[in-house]
Every structure is written in C-alpha cells, then in structure tokens.
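Student: Quick one: sequence plus predicted model below, questions after.
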Amino acid sequence: MSTENTAEQFMNLMQRYMTLRPRLIPPKDVLRFKEMMKSFKGSEYKTGDHEFVFRILMLLSENPNPLTMGDLSSELNVPMSTATRIVDGLVLRGMVERVNDPNDRRVVRVGMSKNGRKLYETGREYSKLRITKLLEDFSAEEQTQLLRLMNKLFDALIKEK
C-alpha cells in the first residue's frame, strides 16, 4: 500500500471519527458543568471556548505551581485576550482561581480550585472508562500496537512544528 493511499484511508478514518456521536452518557458532573457554562448570563464566554476547558484544567493539574496567563496563552496557542476571557469564565464558575505571585506582585497566576479538580478528575475517569470500553475487542497485542503507532504518529506531529 502506498503512503498516499494510507493517508487517504487515514483521512477517511478521521472523518468517520469526527462524525461519531458518543454512545455513552457523560457523568452528571460533566453535564452539569456544560449547562452551567452555557447558561451563565453576563459573561463573555463563547460556546467554542469549552474545547479549551479540559485543556486548561489538564495543564493546571500537570503543574505543581499555578501558571501565568502568558503560560496558558502559549500552551493553548491562543492570544492572551482569549486565554484571559476563558479563564474569567472559569473563575466566575469556581473552576479556577487567581493567585498572587509570591515573588512579583504584578504577576497573577491561575490555579485549579477544588471544584475544578473534581471536574477534571471526573472527566478523566469518564474518558478512561470510555476508552476501556472501546478497547474491549482489541487483543493485548493490538492494544500495544495501537499505542505504539499512535505515539509514533504524535511524535511525527511534534517534530513537524
């Protein structure tokens, strides 16, 4: 099979993936959070911002110290104004909190709140259960091969930067 043919089949798989509808119902905490984010009046939060919510919570969970807005903006690859607007919405909803930098009063950092950590852990556990269910029909060897190939693909994407 040629690389071009493989690329075409991969694009077809990606298209199939994007059109799938989740067959599992998200946990009530995730559904409640989605509704809370959509229904809050007087906020500049936009519907498309929700794609960044778990990325922000993931970044905050991976770092032992709160991050600066510049750190978040850079990691999300969005303008500072976009990162600030999204964080403002998360602060209003109690998912993150602003923390003063102990070394520089001019710097404000963002840390995950207790509610944010709970939401993140709920989402992470839900995703893990979902992936476990999806992989039930894969043999151990197929699972190993899938992970190896996905890592190889992601490594190629990282090198492409």
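Tutor: Ah, there it is.

Student: what's the neighbour count on residue 116?
Tutor: By the criterion of other C-beta atoms under 10 Å, residue 116 has 24 neighbours. C-betas here are computed from N, CA, C, even on glycine.

Student: Need the per-residue pLDDT for it.
Tutor: Looking at residue 116, its pLDDT stands at 90.

Student: Can you measure across stretch 57-76, start residue to end residue?
Tutor: Criterion C-alpha to C-alpha, to the nearest Å; first-to-last residue distance in stretch 57-76 is 11 Å.

Student: Tell me who's in contact with residue 91.
Tutor: 97-98 (C-beta atoms under 8 Å, 6 or more residues apart in numbering).

Student: Could I get the pLDDT score of residue 93?
Tutor: 85.

Student: Any idea how far the helix or strand containing residue 154 is from the middle of the chain?
Tutor: Here residue 154 is covered by helix 140-160, with elements defined by DSSP states H and E. Centre-to-centre, helix 140-160 and its host chain are 19 Å apart (C-alpha atoms, centre = their mean, to the nearest Å).

Student: Could you list the residues in contact with it?
Tutor: 135, 138.

Student: CA atoms only: put it into CSV for me.
Tutor: The C-alpha trace of helix 140-160 is given here as CSV (Å, rounded to 0.1, in the frame of the first residue of the first chain):
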residue,chain,number,x,y,z
ALA,A,140,-3.4,-7.2,24.2
GLU,A,141,-1.1,-7.3,21.2
GLU,A,142,-3.4,-5.0,19.2
GLN,A,143,-3.6,-2.5,22.1
THR,A,144,0.2,-2.4,22.3
GLN,A,145,0.5,-1.9,18.6
LEU,A,146,-2.2,0.8,18.6
LEU,A,147,-0.4,2.7,21.4
ARG,A,148,3.0,2.3,19.7
LEU,A,149,1.7,3.6,16.4
MET,A,150,-0.3,6.5,17.9
ASN,A,151,2.8,7.5,19.8
LYS,A,152,4.8,7.4,16.6
LEU,A,153,2.3,9.5,14.8
PHE,A,154,2.2,12.1,17.6
ASP,A,155,6.0,12.2,17.7
ALA,A,156,6.0,12.9,14.0
LEU,A,157,3.4,15.7,14.6
ILE,A,158,5.6,17.2,17.3
LYS,A,159,8.7,17.1,15.0
GLU,A,160,6.7,18.9,12.4
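
Student: All set now, cheers.
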